[in-house]
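In: Sequence plus predicted model, see below.
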Amino acid sequence: MLHAQGINKSYTMGSSEVRVLRGASLQAQEGEFLVIVGASGSGKSTLLHILGALDIPDRGTVKFEGQDLFQQSNGFRERYRNERVGFVFQFYHLLPELSVLENVVLPRLITHSGLAWWGARREARRDAEEMLERVGLQHRVRHRPRELSGGERQRVAVARALLNRPSLLLADEPTGNLDEKIGGDLLDLLVELNRDGQTIVMVTHDPKVASRAHRRVTLTAGVLRNVLD
Amino acid sequence: MYKWFLVWRYLHTKLIALFGTASVTLCVAMVLVVLSVMGGFLDTIRTRSRGLHSEIVLDGGSMQGFPYYEEFGAYVKRQLPEVVRLVTPTVYSYGVFRIPATAYTKPARVLGIRLEEYVQVNSLKEGLHYEHYYPGSTHFGKQAMPVAGFTEAGVLKLPPDLEAANAKWRAAEQDPHVLEQYDEAPYEIAQYPRVTASPGQRVYSVGFDGPRYAGAERYGIVVGADLLYERRKTDGSFERYLARGAEVALTLMPLSQSGNVTGEPPVRIPLRYVDDSRTGIFEIDSLSVYVDFAMVQQKLGMDAQPLIDGSFSKPRANQILIGLNEGVDLNAAQKAISDEWSAFLGTLGMDLTLTDQQSLSYVQVYTWEDLQKHFINAVEKEKVLMLIILGIICLVAIALVGLIFFMIVEKKTRDIGILKALGASGRGVAALFMGYAGMVGITGAILGTIVGSLFVWNINDIQEALAWINPQLRVWTPDVYSFDRIPEAVKLADAIWVASVAVVASVIGSVVPAFLAGRVWPVDALRYE
């Protein structure tokens, strides 16, 4: 499903260049729960952003279902982010002005233009409510993000990421900002989603969290290596 | 769809948008107020100017006047029957107006007119006060002073002709409120019957011998409202002190045909104040008096004068006013009448005296617009200048909107990242912020139009309130701006124009920050804290 090959990425910090990824390669199969582990600052998030077409590698390819993301147009990558991949971030990244339901529906609002939206709005609302029910927040639809706990916010982020039923869920330290109990609950949710067929690529530095995945790869010195149990 | 959805939500929840909206509101209100007041001022000048003269004026350009005005009137009516509706001559001079009993003395511009004809070529009649309530009673002919008195039934009445004239007005008046107001004070009684009265709207002398006319018969005079009265009320109306028909005097200095002072002593003419006129232009109402054409022509020595050879000189006038038929183009009429004037001069032959030739050569054909051009142009320029200044202020408002949107984009960088992570395009994000600015502009334009319109509609009351707090705050005085009231009408076209420009300006102000928002790299935005 997802095949990254020889990813290189470096940043300029002042006058020096920091090479974060040095030919990282990775393959994720459909239905797989893959975890990328590594120390803080090792480039895990950078790799995840590249896999989600939020960032561009200096070198290397990322193929999704056979198509090289960075050989395609901007429009293709925008559709990819909107329809094929869902993001869950460590800091939730919900829009504070919108209610829980509106945050979840946002990807569908982006999918449709003005007129098309009028035809699709009922279905979008139904899907969003369904997703919120799935993550256990059906009673919070009208609340604003600031009225929710950290765990609830992250569940909203998961519901939003899954609204357009993407093939791939990319999660960047989703439990990093939660306490152990809440983080554990969220992890249970991800495992459950994966059990239902959702492909997940998750980044974490927590070995406990990583242990719940099918497969773990570790990012060290900009290169990925498989971790054997 | 997310663009409009977020625009709507941001507009509701973002305090910073209020600053943008407030700046657009103030800008729109300010421009609308200035445009309405200056535009109204200009329109009033145009309307009033048109009502001051006739459509076409032949002006002698010199105080001693020009001959053959009567002959040309008949000639031009004959030559251009489809253009010319009415021709009437006027004489003008300068003199001293005086109310003998109070020794109130003022300089005056004296206009000798044929009242019945004059009121048909301009709007003087609309400004005649007593003529309004007693139609047909204002005339320049010899007349005594009307005195109110008690009838046998013990009711205070004016002489029968005035009561009949008033009944005619009452029958024609449609507004019951106006009749009600009139009935509250049909006329004030003069305290000192011959001269002054209790202040009021319609002031008559009162006697004990029943309604009648008293005193010597004198020619009538119509006096400019601001020349006669000191007391101008805040609503623009006047409180009259002088009883109708009171004796006043006009002193004139006759000129010879060649423009010299004749050497005769100045002519003092006793007259009766029959009415007052209000054109609404302070310069005119504070200076003008209107008297009978033939009478003043004779007093000024501009009528036919005996010559050494036993013949008589031609009578002279200073202007010929020409009223045009409906629908006639003003400039085309000016040209046609100008041509006819040249042709008419050709018909006069070689027997003109040198003085006649000179005075006829000064005559120019003007439209009413030409006569007021200096005034109208000055106000037009003033209006343009004000709009330029306001345009600069609006540029500042655009810059302010731009600045506010830079701040909004800065503040919303993380949201931009989220939207892009969810699949929003750079163009879509830019459109979101431009739409946001457009909505700020629309909201500001609507509020500004409401605020500006309310301000303009109540501008006179606002000024009165300010003047009540401190008289120095009265910015609009009739002697400076000619008109006694600040124009208080808002034109729909002006409001639409100003509001549209404000919306466009707001969008323009947001272009650069919106463009930068569209270019934000999602991963940078998500890292942004």
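Out: Now that the structure is in, tell me what you want to look at.

In: Now the stretch 401-529 of chain B against chain A: closest residue?
Out: B:Gly423 (2.4 Å; C-beta to the nearest C-beta). For the C-beta atoms, the positions are set from N, CA and C on the backbone; glycine is no exception.

In: Quick check, pLDDT for that residue.
Out: Per-residue confidence (pLDDT) for B:Gly423: 89.

In: pLDDT score assigned to the closest residue to it other than its chain neighbours?
Out: Nearest non-adjacent residue to B:Gly423, counting by C-beta to C-beta, 6 or more residues apart in numbering or on different chains: A:Asn82, 2.4 Å away. Note on A:Asn82: pLDDT of 91.

In: Let me know the secondary structure of A:Asn82.
Out: Assigned by DSSP: H, G, I helix; E, B strand; the rest coil, the conformation of A:Asn82 is helix.

In: doesn't A:His112 make contact with it?
Out: No: applying C-beta atoms under 8 Å, one finds A:Asn82 not in contact with A:His112, separated by 10.3 Å.

In: Those two: which is more packed in?
Out: A:Asn82 (21 against 16; other C-beta atoms under 10 Å in any protein chain shown).

In: Could you measure from that one over to B:Arg109?
Out: 81 Å (C-beta to C-beta, to the nearest Å).

In: ok, which stretches of chain A are strands?
Out: In chain A, the segments counted as strands under DSSP state E are A:2-13, A:16-28, A:33-37, A:59-64, A:67-68, A:85-88, A:168-172, A:199-204, A:215-220, A:223-227.

In: B:Ile320 is in what secondary structure piece?
Out: Following DSSP states H and E, one finds B:Ile320 within strand B:319-324.

In: List the pairing partners of that strand within its sheet, with orientation.
Out: Strand pairing for strand B:319-324, determined by DSSP bridges: strand B:56-59 (antiparallel), strand B:84-99 (antiparallel).

In: now what about it, what contacts it?
Out: B:53-60, B:69, B:72-73, B:76, B:83-90, B:92, B:118, B:120-122, B:330, B:333, B:337 (C-beta atoms under 8 Å, 6 or more residues apart in numbering or on different chains).

In: near chain B, anything from the biggest helix by length in chain A?
Out: Longest helix in chain A by number of residues, with DSSP state H as the criterion: helix A:114-134. Yes: for helix A:114-134, a contact with chain B is found by C-beta under 8 Å from any C-beta of the partner chain, at A:Gly114, A:Ala116, A:Trp117.

In: What sits closest to the last one if chain neighbours are left out?
Out: In space, A:Trp117 comes closest to B:Met1 once its chain neighbours are excluded; the distance is 3.8 Å by C-beta to C-beta, 6+ apart.

In: From chain B, how far off is A:Gln67?
Out: 16 Å (C-beta to the nearest C-beta, to the nearest Å).

In: any idea how far the residue nearest to that residue when sequence neighbours are not counted lies from chain B?
Out: Spatially, and ignoring its direct neighbours in sequence, A:Gln67 is nearest to A:Phe76 (7.9 Å; C-beta to C-beta, 6+ apart). Look at A:Phe76 and chain B: by C-beta to the nearest C-beta, they are 11 Å apart.

In: before we move on, back to that, comparing the strands paired with strand B:319-324, which stretch has the densest surroundings?
Out: strand B:56-59 (a mean of 24; mean count of other C-beta atoms under 10 Å in any protein chain shown).

In: export that one as PDB, just CAs?
Out: The C-alpha coordinates for strand B:56-59 follow below in PDB (Å, rounded to 0.1, in the frame of the first residue of the first chain):
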ATOM      1  CA  ILE B  56     -31.400  82.500 -19.900                       C
ATOM      2  CA  VAL B  57     -30.300  85.900 -18.800                       C
ATOM      3  CA  LEU B  58     -29.200  88.800 -21.000                       C
ATOM      4  CA  ASP B  59     -27.100  90.900 -18.700                       C
END
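
In: Please list the residues of chain A that sit near chain B.
Out: So chain A meets chain B at A:49, A:52, A:54-55, A:74-75, A:78-83, A:87, A:89, A:93-95, A:97-98, A:102, A:106-107, A:109-114, A:116-117, A:160 (C-beta under 8 Å from any C-beta).

In: Contacts only, for whichever residue of chain A sits closest to chain B.
Out: Among all residues of chain A, A:Asn82 sits closest to chain B, at 2.4 Å; criterion: C-beta to the nearest C-beta. The contact partners of A:Asn82, by C-beta under 8 Å, 6+ apart, come to A:Pro107, A:Ile110, A:Thr111, A:Asn164, B:Leu422, B:Gly423, B:Ala424.

In: what about the third one, neighbour count?
Out: By the measure other C-beta under 10 Å, the count of residues near A:Thr111 is 20.

In: looking at it, B:Met439 is touching B:Trp8, isn't it?
Out: Yes: with contact defined as C-beta under 8 Å, B:Met439 counts as touching B:Trp8 (7.5 Å).

In: thinking again about what came up before, as TSV, the strands of chain A with mean pLDDT would be great.
Out: Below are these laid out as TSV (pLDDT from 0 to 100):
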stretch	mean pLDDT
strand A:2-13	88
strand A:16-28	87
strand A:33-37	91
strand A:59-64	91
strand A:67-68	90
strand A:85-88	90
strand A:168-172	91
strand A:199-204	91
strand A:215-220	88
strand A:223-227	75
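
In: and B:Arg170, which of those is closest to it?
Out: Among these, strand A:85-88 comes nearest to B:Arg170, with 84.4 Å by C-beta to C-beta.

In: what's the closest one packed up against?
Out: Packed against strand A:85-88 by the contact rule (3 or more C-beta pairs under 8 Å, 6 or more residues apart in numbering or on different chains; DSSP states H and E) you find helix A:150-162, strand A:168-172.

In: and those as TSV, adding mean neighbour count and distance to B:Ser205?
Out: Formatted as TSV, those follow (neighbours: other C-beta atoms under 10 Å in any protein chain shown; distance: least, C-beta to C-beta, whole Å):
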stretch	mean neighbour count	distance to B:Ser205
helix A:150-162	24	91
strand A:168-172	24	100
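
In: where do the helices sit along the stretch 401-529 of chain B?
Out: Using DSSP state H, counting those that start in this stretch, the helices of the stretch 401-529 of chain B run over B:413-421, B:426-457, B:459-469, B:478-481, B:492-518, B:522-527.
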